[in-house]
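S.K.: this one's structure only:
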């Protein structure tokens, strides 16, 4: 898309774009229909649920850590 030079940069970019464009599992209905709509906004094409998540993934490492920490308390 935007990178021109270097194999490493192109590989990193392709990984990010692959994660961004893939479908994720909806936490409400359980179907593999959640797609990215805008920056950090994800929507399920099946049930219509709108979710705030990461910029390139539905859930980030920091979000998973915070959720785990809060569930322990």
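M.R.: Everything's here; your move. Everything numeric here is computed off the predicted structure, so don't read it as measured data.
S.K.: Model confidence for residue 43, exactly?
M.R.: As summarised for this prediction, residue 43 has a pLDDT of 96.
S.K.: For the host helix or strand of it, which outside residues touch it?
M.R.: Secondary-structure assignment from DSSP states H and E places residue 43 in strand 41-44. Applying Cβ atoms under 8 Å, 6 or more residues apart in numbering, the contact partners of strand 41-44 are 24, 26, 28-29, 31, 33-37, 49-53, 58. Using the backbone N, CA and C atoms, a C-beta is placed for each residue, glycine as well.
S.K.: residues of that strand that come out buried?
M.R.: When neighbours are counted by 16 or more other Cβ atoms under 10 Å, the buried residues of strand 41-44 are found to be 42, 43, 44.
S.K.: Quick one: mean pLDDT over the following helix or strand past that strand.
M.R.: Scanning forward in sequence from strand 41-44 by DSSP H and E, the next helix or strand is strand 50-52. Mean pLDDT, strand 50-52: 93.
S.K.: quick one: the helices in this structure?
M.R.: Using DSSP state H, the helices of the chain run over 7-21, 61-72.
S.K.: Give me the contact list for the shortest one.
M.R.: Spelled out, it's helix 61-72. With Cβ under 8 Å, 6+ apart as the test, helix 61-72 has contacts from 53, 54.
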